[in-house]
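S.K.: Please work out how this folds:
(one chain, ligands or ions: 1)
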Amino acid sequence: MDADQIDEGRARWAKRYAAAARREADFTTLSGLETEPVYGPPEGVADPRMERIGWPGEFPFTRGLYPTGYRGRPWTIRQFAGFGNAEQTNARYKMLLKAGGGGLSVAFDMPTLMGRDSDESASLGEVGHCGVAIDSTADMDRLFAGIDLGGVTTSMTISGPAIPIFCMYLAAAERQGVDISTLDGTLQTDIHKEYIAQKEWLFPPEPHLRLIGDLMAYCAENIPRYKPLSVSGYHIREAGSTAAQELAFTLADGFSYVELGLSRGLDVDRFAPGLSFFFDAHIDFFEEIAKFRAARRIWARWLRDVYGAKTDRAQWLRFHTQTAGVSLTAQQPYNNVVRTAVEALAAIMGGTNSLHTNALDETLALPTDQSAEIALRTQSVLRDETGVLNVADPLGGSWYVEALTDKIEAEAEKIFLQILALGGTAPMADSAGRGADPATAALDAMNSDASSEGAPRHEIGPVTSGILQGIEDGWFNAEIAEAAFTYQQQLEDGTKHIVGVTELHDTVTPDLEILRISGDVEREQNAVLARRRAGRDNAAVDRALAEIQAAAKGTANLIEPILAAARAEATLGEICGVLRVEWGEYRETTGL
Ligand SMILES: C[C@H](C(=O)O)C(=O)SCCNC(=O)CCNC(=O)[C@H](O)C(C)(C)COP(=O)(O)OP(=O)(O)OC[C@H]1O[C@@H](n2cnc3c(N)ncnc32)[C@H](O)[C@@H]1OP(=O)(O)O
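M.R.: Take a look at the predicted model:
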């Protein structure tokens, strides 16, 4: 880019910055030096990289979504939490909010994640262990008692039974007197990553995608601020992928949800702002920063050029980050505070919108009050003491970070080509012999005759076709397993290191006191559930379940009937049970 174009860009940014809302705060260094809100190439100097780097707040958003960076608003401190019963978790939420948490994030227990009631035999021994047990709307009432759902953004981490849980949340908000059309928050809902990595699905992919399409349509129409999807790379990375695989698989999943929205006739500028993302912040500081910056750039380009999004908001990639659970060690666990701080700093340098910092004991159990407080304060220290809020994208222009951002983007594009090929889209090199561009190939496929022979599944989108085929073939599993195996070998042959595990074993650190969940939680939850079933209007529940069944057999949007069932205190197991009968359960093909 020549010097004039760069200077025009700087002037454009300065205008937007001046017009944007900013916090009144001190943005000098610790010793009082003034800082600029953003730095760029010296005036009058050309830089060919600027096409890809740009300025904060404008396409391709490599440097962030806002001209003000964190001067406008710091990231949201959003600590993922849930354990035991709804009252115990409610107390933890109040503690987190009092201690400076900016938003809520619900961790559900395994029976809830699998769409089962606490008193089903499959739930035995699991109730309240890895999160909170939610059986029906009354549990949501208890979970958020004393917390105004109209005044807080809540993220709910659940994908298989996301829709019934969402409906219970809406019903609980209604009971608080909140106008549900004003709700803001995020539901994970990302079923692709369940098949690819986390393995908590209920049904085969097609009915799950139908449910997600129903949810996207419902939210775009009725709850415009709500984010019905948090497209998640976290679990892909934690399962052992590389950074580039995490980036590529996650963005491809995101493209697939865009294709789903388009296939339902929805307006991309209306529904795309509801797609948010969730990434891992692993321990390689610079690689992670590059990954986050590349993510924004790739997403903006595909949304504009392939899927036709016109507004900034529809081109924005907004993301939550969690520090890498898999990088924590049971050995010398206090070192985990250091790892988490470095990973959190990478997320911040990468411009995360929301952040969870892991607690030092999370590799052993759910956090205690004390370890949860240290995790939260790790973010407070970074935010309030280190000066990271002063400058947008402070590493932008670094030779290393920009080169790594380009490299990881190129790696992701190679993977997009593989995914497209799995779905039957065969991108061609251009006439000049340059490599195939996956975005162009996807666009061509989108525009091709959907019903033409040899274009399998293009009616659902070229990326979706590839993902579904990759899931069916076990391709994603195999790719992730291969990457995990390579890393494990590198640890064993001494190429890579983990302090306290592969080296430096001696320690004076005693064992940690960890949080243990009493078996009483399960017994009490089951007793409460039995009383609730006996006390509700069972005829109304039966009617609501029959409505769900009828809608599932046809094509009507399922949100309203599931919401009616949630209002009637139908349980999660009952709602999912009806759908299991209609749609069956998914069994994966495994293979390495
Ligand atoms: C591992 C574990 C497991 O598997 O068990 C998990 O999955 S845990 C998974 C846990 N997952 C999560 O917690 C997901 C969390 N995700 C989210 O909260 C969301 O989807 C998010 C990433 C978009 C973040 O939403 P948020 O509300 O916290 O933050 P936002 O970035 O949207 O900012 C809030 C508002 O401030 C505005 N805003 C922000 N920064 C600026 C700025 N500099 N200038 C002007 N306005 C600004 C935004 O546009 C928005 O307003 P407006 O709305 O008007 O634009």
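
S.K.: and the stretch 201-350 of the chain, which of its residues are near the ligand?
M.R.: Within the stretch 201-350 of the chain, the positions adjacent to the ligand are 225, 227, 230, 234-235, 276, 278, 318-320, 322 by CB under 6 Å from any ligand atom. The C-beta positions use only the backbone N, C-alpha and C, and glycine is treated the same way.

S.K.: could you redo the last one with a cut-off of 5 Å?
M.R.: When proximity is defined as CB under 5 Å from any ligand atom, the stretch 201-350 of the chain approaches the ligand at 227, 230, 276, 318, 320.

S.K.: The ligand contacts on the chain?
M.R.: Neighbours of the ligand within the chain, by CB under 5 Å from any ligand atom: 66, 68, 72-73, 76, 78, 80, 105, 153, 155, 157, 186, 227, 230, 276, 318, 320, 353-354.

S.K.: Residue 396 belongs to a strand, doesn't it?
M.R.: No: the assignment for residue 396 by DSSP: H, G, I helix; E, B strand; the rest coil gives coil, which leaves it out of any strand.

S.K.: Got a PyMOL select line for the buried ones in the residues of the stretch 201-350 of the chain next to the ligand?
M.R.: Here is the PyMOL command that picks out the buried ones among these, judged by 16 or more other CB atoms under 10 Å:
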select buried, resi 227+230+276+318+320
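
S.K.: Now intersect the residues of the stretch 201-350 of the chain next to the ligand with the helices, please.
M.R.: Judged by DSSP state H, helices contain none of these.

S.K.: Throw the residues of the stretch 201-350 of the chain next to the ligand into a markdown table and include pLDDT, thanks.
M.R.: Shown next, in a markdown table, are these (pLDDT from 0 to 100):
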| residue | pLDDT |
| --- | --- |
| 227 | 98 |
| 230 | 98 |
| 276 | 98 |
| 318 | 98 |
| 320 | 98 |
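
S.K.: So which of the residues of the stretch 201-350 of the chain next to the ligand is the closest to residue 539?
M.R.: Residue 539 lies nearest to residue 227 out of these, by CB to CB, at 36.0 Å.

S.K.: Now for that closest one: which residues touch it?
M.R.: 185-187, 219, 273-276, 318 (CB atoms under 8 Å, 6 or more residues apart in numbering).

S.K.: Show me what it is bridged to.
M.R.: Judged by DSSP bridges, the bridge partners of residue 227 are residue 186.

S.K.: which residue ranges form the helices in the stretch 351-500 of the chain?
M.R.: Secondary structure of the stretch 351-500 of the chain (DSSP state H, counting those that start in this stretch): helices located at 369-385, 399-422, 438-447, 462-473, 475-492.

S.K.: any idea which of these is most buried?
M.R.: Highest mean neighbour count of those: helix 462-473, a mean of 23 (counted as mean count of other CB atoms under 10 Å).

S.K.: those strands in the stretch 251-400 of the chain, which residues are they?
M.R.: With DSSP state E, counting those that start in this stretch as the criterion, the stretch 251-400 of the chain has strands at 275-281, 319-323, 354-356.

S.K.: Kindly export the longest one (C-alpha atoms) in CSV.
M.R.: What follows is the C-alpha trace of strand 275-281 in CSV, where atoms were taken according to Å, rounded to 0.1, in the frame of the first residue of the first chain:
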residue,chain,number,x,y,z
LEU,A,275,-22.7,-15.7,15.5
SER,A,276,-20.0,-15.3,18.1
PHE,A,277,-16.9,-17.3,18.6
PHE,A,278,-15.0,-19.0,21.4
PHE,A,279,-11.2,-19.8,21.2
ASP,A,280,-8.5,-21.3,23.3
ALA,A,281,-5.6,-19.2,24.5
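
S.K.: other SSEs contacting that strand?
M.R.: When contacts are defined as 3 or more CB pairs under 8 Å, 6 or more residues apart in numbering; DSSP states H and E, strand 275-281 packs onto strand 229-232, helix 234-238, helix 243-263, helix 285-305, strand 319-323, helix 335-349.

S.K.: Would you mind putting the ones you listed into CSV with distance to residue 493 alongside?
M.R.: Shown next, in CSV, are the helices and strands packed on strand 275-281 (distance: least, CB to CB, whole Å):
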stretch, distance to residue 493
strand 229-232, 31
helix 234-238, 22
helix 243-263, 21
helix 285-305, 21
strand 319-323, 27
helix 335-349, 22
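
S.K.: and residue 478, which of those is closest to it?
M.R.: helix 243-263 (11.5 Å).

S.K.: Please point out which parts of that closest one sit buried.
M.R.: By neighbour count on 16+ other CB under 10 Å, the buried set for helix 243-263 is 243-262.

S.K.: What of stretch 219-239?
M.R.: Result for stretch 219-239 [16+ other CB under 10 Å]: buried residues 219-220, 223, 226-239.

S.K.: Take it, keep the C-alpha atoms, and write them as PDB.
M.R.: The C-alpha coordinates for stretch 219-239 follow below in PDB (Å, rounded to 0.1, in the frame of the first residue of the first chain):
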ATOM      1  CA  CYS A 219     -33.500 -14.900  17.800                       C
ATOM      2  CA  ALA A 220     -33.000 -12.800  14.700                       C
ATOM      3  CA  GLU A 221     -36.700 -12.100  14.700                       C
ATOM      4  CA  ASN A 222     -37.500 -11.900  18.400                       C
ATOM      5  CA  ILE A 223     -34.400 -11.300  20.500                       C
ATOM      6  CA  PRO A 224     -32.000  -9.400  18.300                       C
ATOM      7  CA  ARG A 225     -29.200  -8.800  20.800                       C
ATOM      8  CA  TYR A 226     -29.000 -12.400  21.800                       C
ATOM      9  CA  LYS A 227     -26.200 -14.500  20.300                       C
ATOM     10  CA  PRO A 228     -27.700 -18.000  19.600                       C
ATOM     11  CA  LEU A 229     -24.300 -19.500  18.700                       C
ATOM     12  CA  SER A 230     -20.800 -19.500  20.200                       C
ATOM     13  CA  VAL A 231     -18.800 -21.300  17.500                       C
ATOM     14  CA  SER A 232     -16.200 -23.000  19.500                       C
ATOM     15  CA  GLY A 233     -12.600 -23.800  18.800                       C
ATOM     16  CA  TYR A 234     -11.800 -24.300  22.400                       C
ATOM     17  CA  HIS A 235     -12.700 -28.000  22.500                       C
ATOM     18  CA  ILE A 236     -11.100 -28.700  19.200                       C
ATOM     19  CA  ARG A 237      -7.800 -27.300  20.600                       C
ATOM     20  CA  GLU A 238      -8.100 -29.000  23.900                       C
ATOM     21  CA  ALA A 239      -8.700 -32.300  22.100                       C
END
